[in-house]
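Trainee: Based on what follows, work out the 3D shape:
(2 chains)
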Amino acid sequence: MKIFYILLYFVAALLSFSIYGMLAMWVDRKVTARIHFRVGPPWYQNFVDFIKLTGKEVLIPEKANVLMFVSAPVLGVIAAAVAGTTILLVLQNNISFAADAILVIYLLTIPSLAVILGGSASGNVLASVGISREMKLLLGYELPFVCALIIAAVKSGSTTSLGEIIQFQQQNGKLIGSLSGVIGFGLGVLALQGKIGFVPFDLAEAEGELAGGSFIEYSGILLGLYKLTKAILLVVGPLFLISLYMGGINFSSVAGVIAGLLKYFVILVIFILIKNTNPRLRIDQALKLFWGWLTLFGIIGILLALAGW
Amino acid sequence: MKNNKKTVIVPIGPYHPLLEEPEFFALYCDGEKIVDVEWQAGYNHRGIEKLSESKHWDQVTFLVERICGICSTSHPFAYCNTIENLIGMTIPERAKYIRSIIGELERIHSHLLWMGLAGHFLGYNTVFMWAWKYREPVLDLFEIISGNRNHYAMFKIGGVRRNIENEDIPKIRKMLAEIKGQLEMLIGAVLDDPVLTARLKNVGVLTKQDIKNFGSVGPVARASGVDVDVRRDEPYAAYPLVEWSVITAKNGDVLDKAVVRLSECLEAVKIITQCLDAIEGKAGEIGEEVRRVPEGEGIGRHEAPRGECFHYIRSDGANSPVRHKIRAPSYTNVPTFKASCIGQTISDVAIILAGVDPCYCCTERVAVYDAGKKKKLYDFQHLVELSKQKTERIRKEI
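Mentor: Predicted structure coming up:
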């Protein structure tokens, strides 16, 4: 019976993440449009797009490995939603266990792996260039992302349990209030920008170069699932950062939920601003950024955290 | 290029977001690195030169206007220069100024269009949208002047078809001042962007020697420090009558091409303002009537936004050309990819290919297909051979 409840909780979480994610995507599209002097789509546009994609024919290329081609996007959605559910369980019901933050990091890698799997299964040349970039990018942004986690873990008394990190912040103030916290938060934002695949790190998709890259052969519901993964990541990623650095979200009171929403919007707006004020980086530049400057900042951040700053 | 095991062909085209027109580039890649590039043209061939032989002189002006949708006035400009060269006539002063105004307005809109597209190819959609927003008032200006936003139909042999009314000039001036402000803002935003600089600096470098080898023209040549500009070197229209300078840069990378193009926009504003000064408050003829085109040959050139646009006409005294030869600037600019792309990565090649501001529909010369087998009969080398043979034949006849 317990399993059933957990499943039910997961499905509810998946649904709500999808809905919030698509709304967040709409905010992104609308704000981007306003920056571009465009009008932008209505709020339900992403839902309509998704419904439309579900109705479209799914074309599977002749050369493709069908099982991998079809299962990759499903894997991505589920992994993103499970990661989200893990965080939500901590925030909402205070069900936390040791090292669940590390679990979340692992789960958040899977959507990128799904892109790589799906792209390689499609057998397209442009997709293969796309996945090679995605692979390098994945190796690139994981390092600062892990640094971001380590900083939070060190600051809150050497724990990798999200529940304990949030509890620490409730007692001692939010981590973002400290210098190392700001560094960690910034690293997290940039790494997530890469994870979600926003400009300047949309190398795998690179419309102007690779015409969609890894997603080039996808159509119909499978493409819809990739879009959905992106939408879910747009919620789960910031939620993870909020838990690590902004003291989580208090679901028990209305004021807490509103404060949580505000925190979320701050992160979302940072994403959108970075996206709209930068061109796409080249893969070597992206790697240099992630492994060079950002990792250096990460190490400085960890040292500062150890020193108690 | 032999396809060895390590290289993979990454296709760009025939339909690809990078290209506004159907065109095919085969990138031979070793990983992300480009080993060789092959270009296949022929998707846009419309037989304009042949068509021109069946139209009478005035109709050809409108026909050549339709060669290109972006720089639609370049070809009529060069064509009218050609016919006037053939006849040996000069056009009225006012018509000269109006021609230059149209030519320069087109330069602004074409360069802004390129800037937008370049931004889009780099994934920088904000630049794309902003550049195109600021391009819009230029099109509005065209509408005020000619009644059309594109394909202005302003040119005719012996002058221009429409006058710029004196009462419109203050309005044009006001809009021009606004455009200038927006241009300066955009130029500042684009050229000061550190990430954009990192993406464009030292990418796709063309040396002076490369430019000479390929015979490239226009902003592509000027960005590499080759100081060529038909407007100055072989003056026509109102260009010798106004003060302006030719913009050049040194490095020949994509950033310098952007710098040259954007600075040229400001230079164009300067030319237009002076032209407006010259015609404001004055009356004057805007065209001379041409009754007959005599037998003979004529050449005409115009510095189009992409470089020198060349027309050659042979007339036998009848009412249509016997031979009409057109050479658009992209014809010499596009093949520079052989020098600039090899050794670069796919990401860079996208912007390098776009960096010469290619206009394939201008460039398409000839394509010979076997319709039954759907196979190309002649490739580039064959055509070069054929043209060499033909030149030899003509030489012997002379």
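Trainee: okay, now whichever residue of the stretch 51-200 of chain A sits closest to chain B: neighbour count?
Mentor: As assessed by Cβ to the nearest Cβ, chain B sits closest to A:Val199 within the stretch 51-200 of chain A, at 4.7 Å. Bear in mind the C-beta positions are built from the backbone N, C-alpha and C, glycine included. Neighbours of A:Val199 under the rule other Cβ atoms under 10 Å in any protein chain shown: 23.
Trainee: Just the element for B:Ile313, please.
Mentor: For B:Ile313, the host element (DSSP states H and E) is strand B:307-316.
Trainee: Show the subsequent helix or strand relative to that strand.
Mentor: Moving toward the C-terminus from strand B:307-316, the next helix or strand (DSSP H and E) is strand B:323-327.
Trainee: mind checking the SS state of A:Thr159?
Mentor: Following DSSP: H, G, I helix; E, B strand; the rest coil, we place A:Thr159 in the coil state.
Trainee: Tell me if I'm right that it and A:Ala153 touch.
Mentor: Yes - here A:Thr159 reaches A:Ala153: they are 6.1 Å apart, a contact under Cβ atoms under 8 Å.
Trainee: which residues are common contacts for these two?
Mentor: With contacts taken as Cβ atoms under 8 Å, 6 or more residues apart in numbering or on different chains, A:Thr159 and A:Ala153 have A:Ile165 as neighbours in common.
Trainee: Comparing those two, which shows the higher neighbour count?
Mentor: Taking other Cβ under 10 Å, A:Thr159 and A:Ala153 do not tie; A:Ala153 has more neighbours (22 against 19).
Trainee: give me every residue that touches that one.
Mentor: A:Ala101, A:Thr159, A:Thr160, A:Ile165.
Trainee: Now list the buried members of those residues.
Mentor: A:Ala101, A:Thr159, A:Thr160, A:Ile165 (16 or more other Cβ atoms under 10 Å in any protein chain shown).
Trainee: Which of those sits closest to B:Arg291?
Mentor: A:Ala101 (87.2 Å; Cβ to Cβ).
Trainee: Roughly how far does that closest one sit from B:Glu288?
Mentor: Distance from A:Ala101 to B:Glu288, counting by Cβ to Cβ, to the nearest Å: 82 Å.
Trainee: got it, and B:Val35?
Mentor: Using Cβ to Cβ, we find B:Val35 at a distance of 57 Å from B:Glu288.
Trainee: any idea which element the closest residue to B:Gly298 other than its chain neighbours lies in?
Mentor: Excluding the flanking residues, the one nearest B:Gly298 by Cβ to Cβ, 6 or more residues apart in numbering or on different chains is B:Leu86, at 2.9 Å. Using DSSP H and E, B:Leu86 maps to helix B:74-87.
Trainee: Put the alpha carbons of that helix into CSV.
Mentor: Output in CSV follows, covering the C-alpha atoms of helix B:74-87 (Å, rounded to 0.1, in the frame of the first residue of the first chain):
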residue,chain,number,x,y,z
SER,B,74,21.9,47.2,-56.6
HIS,B,75,21.2,45.5,-59.9
PRO,B,76,19.0,48.2,-61.4
PHE,B,77,21.6,50.7,-60.3
ALA,B,78,24.4,48.8,-62.1
TYR,B,79,22.2,48.1,-65.1
CYS,B,80,21.2,51.8,-65.5
ASN,B,81,24.9,52.7,-65.2
THR,B,82,25.6,50.1,-67.9
ILE,B,83,23.1,51.5,-70.4
GLU,B,84,24.1,55.1,-69.7
ASN,B,85,27.7,54.0,-70.3
LEU,B,86,26.6,52.4,-73.5
ILE,B,87,24.8,55.5,-74.7
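Trainee: Let me see the contact set for B:Ile108.
Mentor: Contacts of B:Ile108 by Cβ under 8 Å, 6+ apart are B:Arg135, B:Val138, B:Ile179, B:Leu183, B:Cys265, B:Ala268, B:Val269.
Trainee: element containing it, please.
Mentor: helix B:93-121.
Trainee: Quick check: mean pLDDT of that helix?
Mentor: The average pLDDT within helix B:93-121 is 90.
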